[in-house]
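Chemist: fold the stuff below for me.
(one chain, ligands or ions: 2)
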Amino acid sequence: MFTPAELLDINTLLTPENKIIILTHYNPDGDAIGSSLGLKHYLGAKGIPTDVIVPNDFPKFLKWMPESKKVIIGEYKRKHAFDLISGADVIFCLDFNSPSRIGLLGEWLSKSKAKKILIDHHQQPENFDFVYSDTVIPATSQMIYHFIEAMEDEKLVNQDVAECLYTGIMTDTGGFRFRSTSATTHRIIAHLIEKGADPSVITSNTWDTNTVSRLHLLALVLGRIEVVNDGKVAVLSLTRNELKEFGFQKGDTEGFVNYGLSIAGVKMAAFFMEDLYDDFIKISFRSKDDVDVNQFSRKYFSGGGHINAAGGKSDESLQDTIETFKKRLEQEEL
Ligand code: 5GP
Ligand code: MN
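Modeler: Ligands and ions are numbered 1, 2, ... in the order given. Just a heads-up that it's a prediction; the model follows:
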C-alpha cells in the first residue's frame, strides 16, 4: 500500500478542480476495465469526476459494466485522448507496469506533467510518482478495494463500484481458482456481494456470452493442440485466415490458452495467434507452479506479465515463431 504520507498527498490531489484520468493497458481485459471503472465510480461517489481512457477497444462481454460505454477508446478518439492526457493533473495507471504497455498513449503519458499514480500487480514496475505494486495480489481490482480501505472510504462502495471490482477479481482469478486467490480475496468478494454485486448476474453477463465464432474457433484450436517436451508443454495456434473465416470478434480467443494448461502433466501452455491486421504474432503463456513465464516471455518474446500468466509477441511467421519457441524450451531445459 502507499505510505501514510503518500496517501495524504494523494488525498490532496483528489479534488473536483483537478483533471483526473484513469488509464489501463492495451487489449483491456476484465481486470483492466473492472479496476478502472471501479475506481471511477468510487471517485464519482466522492464527488470527483474522471475520464477512463484505454488504448484500444475491449470485448463486448465487458460492455455491460456500468459506464463502460463512456470509456474513451484511444485508437478511435486519438485527439480527445491526447488532449485529456496532455491536460491532466493526475493520471491513475491501472493494471500495467510500463508506458510501453499502453500503445500510443504511452508516449503521451511519458510527456505529461501530471502526477502519475500506479496501482498494479505485474512484475517489475517502472517509475511513477506514486507506486502501489504488489505481485502477490491476484487482481488490480482487489488493490483498488485496498486503496478504498486505506482512504477509509468503504462506505462509498456502492453497487456500481462493487460490480466492477467483482468482475475484475473474478476474471483475473479465473473464477477464484488461480494461485494468488486468498482468504482476503474472498472476504473482499463477500463485501462486494453485500454492496450489491450479484455473482450469478455478473458471471452470466461476462462468461455466458459466447459467440458462435468463438465456439467454432475453439473447436479448431482444440482439435490440433500439440503436446511437446515429454508432455510438459502444450502448443495452440490460429492463423489470420482462420480468424477471418470464422468471423473473429474481439475477445473471442480469451481463455483458449487455459485449455492447454488443463491437460494433466502440462506445466506450460502457449497460444500463438496471427494478428488480424498487422504482421506479428501475439503470444499468450500460462504455467503452473514455479515455471516462470514472465521471465521466459521477457527474455525471448519482448513481453512479460506474471509468473504464471504472461504475454509476448514475435515478428517471425507463425511457423517460425513456434519453431523458435520450441528451441527456447530446449535452451531453458523445460
Ligand atoms: P494475456 O495472455 O491474457 O494477453 O496476458 C496475460 C498477462 O500478461 C496479463 O496480465 C497481461 O497484462 C500481460 N501481458 C500480455 N501481453 C503482454 C506484453 O506484450 N507485454 C507485457 N509486459 N505484458 C503482457
Ligand atoms: Mn490484472
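Chemist: and stretch 95-102, how far out from the chain's middle?
Modeler: Relative to its parent chain, stretch 95-102 has a centroid offset of 10 Å by Cα atoms, centre = their mean, to the nearest Å.
Chemist: quick one: average confidence on that stretch?
Modeler: Mean pLDDT, stretch 95-102: 96.
Chemist: residue 52 pairs with what?
Modeler: residue 22 (DSSP bridges).
Chemist: contacts only, for it.
Modeler: 21, 22, 23, 24, 36, 37, 40, 67, 70, 71, 72 (Cβ atoms under 8 Å, 6 or more residues apart in numbering). All C-beta atoms are positioned from the backbone trio N, CA, C, and that covers glycine.
Chemist: next, the fourth one: phi, psi?
Modeler: Translated: residue 24. Torsion angles at residue 24 (phi, psi; degrees, to the nearest 10) stand at phi -140, psi 180.
Chemist: wouldn't it be in contact with residue 33 here?
Modeler: Yes. With contact defined as Cβ atoms under 8 Å, residue 24 reaches residue 33; the gap is 7.1 Å.
Chemist: of the two, which one has the most company?
Modeler: Applying other Cβ atoms under 10 Å to residue 24 and residue 33 shows that residue 24 carries more neighbours, namely 30 against 27.
Chemist: look up how far ligand 1 lies from the more buried one.
Modeler: 10 Å (Cβ to the nearest ligand atom, to the nearest Å).
Chemist: what about the one residue in the chain that gets nearest to ligand 1, how many residues nearby?
Modeler: For the chain and ligand 1, the shortest gap (Cβ to the nearest ligand atom) falls at residue 311, measuring 2.1 Å. Counted with other Cβ under 10 Å, the neighbours of residue 311 add up to 23.
Chemist: show me what counts as buried in stretch 86-97.
Modeler: Residues 88, 90, 91, 92, 93, 94, 95, 96, 97 are the ones in stretch 86-97 that count as buried (16 or more other Cβ atoms under 10 Å).
Chemist: ok, and which of the residues you listed reach ligand 2?
Modeler: residue 95 (Cβ under 5 Å from the ion).
Chemist: now the buried residues of stretch 86-97 as TSV including secondary structure and distance to residue 209?
Modeler: Shown next, in TSV, are these (DSSP: H, G, I helix; E, B strand; the rest coil; distance: Cβ to Cβ, whole Å):
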residue	secondary structure	distance to residue 209
88	coil	33
90	strand	34
91	strand	31
92	strand	28
93	strand	29
94	strand	24
95	coil	22
96	coil	25
97	coil	29
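Chemist: need the buried residues of stretch 86-97 in CSV (columns: distance to residue 307).
Modeler: Shown next, in CSV, are the buried residues of stretch 86-97 (distance: Cβ to Cβ, whole Å):
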residue, distance to residue 307
88, 33
90, 31
91, 28
92, 25
93, 21
94, 20
95, 16
96, 17
97, 14
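Chemist: helices along this structure, start to end?
Modeler: In the chain, the segments counted as helices under DSSP state H are 4-13, 30-45, 78-87, 105-111, 140-150, 159-172, 183-194, 199-207, 212-223, 240-245, 256-261, 293-300, 318-331.
Chemist: let me know the pLDDT of the nearest residue to residue 88 once chain neighbours are set aside.
Modeler: Spatial nearest neighbour of residue 88, excluding adjacent residues (Cβ to Cβ, 6 or more residues apart in numbering): residue 114 at 4.2 Å. Residue 114 carries a pLDDT value of 98.
Chemist: for the one 5 residues further on, same thing?
Modeler: Here, the pLDDT recorded for residue 119 equals 98.
Chemist: can you check the one 10 residues further on too?
Modeler: Reported pLDDT at residue 129 in the predicted model: 98.
Chemist: then residue 211?
Modeler: Predicted confidence (pLDDT) for residue 211: 89.
Chemist: and it, what does it touch?
Modeler: Listed by Cβ under 8 Å, 6+ apart, the contact set of residue 211 reads 249, 252.
Chemist: relative to ligand 2, how far out is it?
Modeler: From residue 211 over to ligand 2 the distance is 23 Å, taken as Cβ to the ion, to the nearest Å.
Chemist: make residue 1 into 33 and carry on from there
Modeler: Right, with 33 as the first residue, what we last looked at is residue 243.
Chemist: list the contacts of residue 67.
Modeler: Listed by Cβ under 8 Å, 6+ apart, the contact set of residue 67 reads 56, 126, 127, 151, 171, 172, 173, 175, 176, 196, 197, 200.
Chemist: do that again at 7 Å, thanks
Modeler: Contacts for residue 67 (Cβ atoms under 7 Å, 6 or more residues apart in numbering) come out as 126, 127, 172, 173, 176, 200.
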